[in-house]
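J.: sequence-free structure coming up:
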């Protein structure tokens, strides 16, 4: 029995993770549930799964959660710091890091520092602090198991492969030639800049294949989500960004691929559902039975691939540029994007202005070549405060 802490239990990933646990109650149990603001759903989850503890980041919701769970011997905590503190619980066997955005960084690092394996569904953690997070994972000998469908596909394609060796001159070599990172293209694939002048929030949220939260769905529409995934893959798999090629694959059947130095390509395919990569991260190195729909190739007589339109969807090249500059630039880019997406949601900027907004902050914010963790938190806080 693997006891799991779910950070972000009321979000899209968290609720699908609980579906996985429902299907395998003999293999997984819920030890901790953490949520941001959705007290009602957190209470319902706690009553069903009977965790040891729950935490809600929104402290104003604490009395409601406490009152509902008091008769059930479930410990209740509130505030961001309590989520970090809970990572020290010895009873936790695996942490699912599914808090959206920069807010997921501190709890993920806390889990690593307490020697908890992490199933990572928060790409911003690696985007903002990939060097720090990977160093901490190596130092504490903690595995980071990718949950994003693309990174899970890469991980599965690397199992048994990806050998590295050092030559007589100390140079490192690998059998990986490049990573082929697939993208659905989002809600606006094929649209021109002219067609996107009046793009609405409702339109941006109509993802053709995936059911996700608003932030990631809008990021998918701008291709920023794919840019974040490029940087995440660069750290997770120790492959430079210039060896990560984005391919738009509208069917969302090939979740990503790895090309090796002999020209061979390995891919992971399946129906578009996040429950498969979530389950794999929970059960690795085993595969467990699933009753999810199977991929029927007859329904997909054509699998197509095309280059992304980086002239229209400029967030993707901005992400490559942020990674090229390094330092705190990915942190600047990520914070600016989170602010821009929220402004788009509120109707304060247009869809096309998201990329303009991000680019402007990347040009103006103070650059730090070798940031500490405190530098990254200050970079994020200063930018958000300045743009509030």
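T.: Okay, I see it. Quick caveat, the model's predicted, so the values are computed rather than measured.

J.: beta partners of the residue nearest to residue 156 when sequence neighbours are not counted?
T.: Spatial nearest neighbour of residue 156, excluding adjacent residues (C-beta to C-beta, 6 or more residues apart in numbering): residue 268 at 4.6 Å. Placement of C-beta: from N, CA and C, glycine included. Per DSSP bridges, the residues bridged to residue 268 are residue 256.

J.: Compute the number of surrounding residues for residue 268.
T.: Using other C-beta atoms under 10 Å, residue 268 has 21 neighbouring residues.

J.: Pretty sure it sits against residue 158.
T.: No. Judged on C-beta atoms under 8 Å, residue 268 makes no contact with residue 158 at a distance of 10.1 Å.

J.: Residues in contact with both of the two, list them for me.
T.: Common contacts of residue 268 and residue 158 (C-beta atoms under 8 Å, 6 or more residues apart in numbering): none found.

J.: Determine how far stretch 132-141 lies from the middle of the whole chain.
T.: Averaging C-alpha positions (C-alpha atoms, centre = their mean, to the nearest Å) puts stretch 132-141 18 Å from its chain's average.

J.: Run through who's touching it.
T.: Contacts of stretch 132-141 (C-beta under 8 Å, 6+ apart): 105, 108-109, 112-113, 115, 118, 125-126, 142-144, 235-236, 373, 376.

J.: Check the average confidence over that stretch, would you?
T.: Stretch 132-141 carries an average pLDDT of 96.

J.: How about stretch 174-188?
T.: The average pLDDT within stretch 174-188 is 94.

J.: do the same with stretch 337-356
T.: Mean predicted lDDT for stretch 337-356 stands at 96.

J.: Also stretch 193-205?
T.: On average, stretch 193-205 scores 92.

J.: In this structure residue 284 contacts residue 144, no?
T.: No. Contact criterion C-beta under 8 Å: residue 284 and residue 144 do not qualify, at 11.3 Å.

J.: Settle it for me: which of the two has more neighbours?
T.: residue 144 (25 against 17).

J.: Look up the residues forming beta bridges with that one.
T.: Bridge pairing for residue 144 - DSSP bridges - gives residue 118.

J.: Report the separation between residue 67 and residue 61.
T.: 11 Å (C-beta to C-beta, to the nearest Å).

J.: and those two? which has more neighbours close in?
T.: Legend: neighbour count by other C-beta under 10 Å for residue 67 and residue 61, higher for residue 61 (19 against 11).

J.: Flag every buried residue along stretch 332-345.
T.: For stretch 332-345, a neighbour-count test (16 or more other C-beta atoms under 10 Å) marks 332-344 as buried.

J.: Between those residues, which sits nearest residue 207?
T.: For these, the closest approach to residue 207 (C-beta to C-beta) belongs to residue 341, at 14.5 Å.

J.: Just say helix, strand or coil for the closest one.
T.: Here residue 341 takes the helix state, with states given by DSSP: H, G, I helix; E, B strand; the rest coil.
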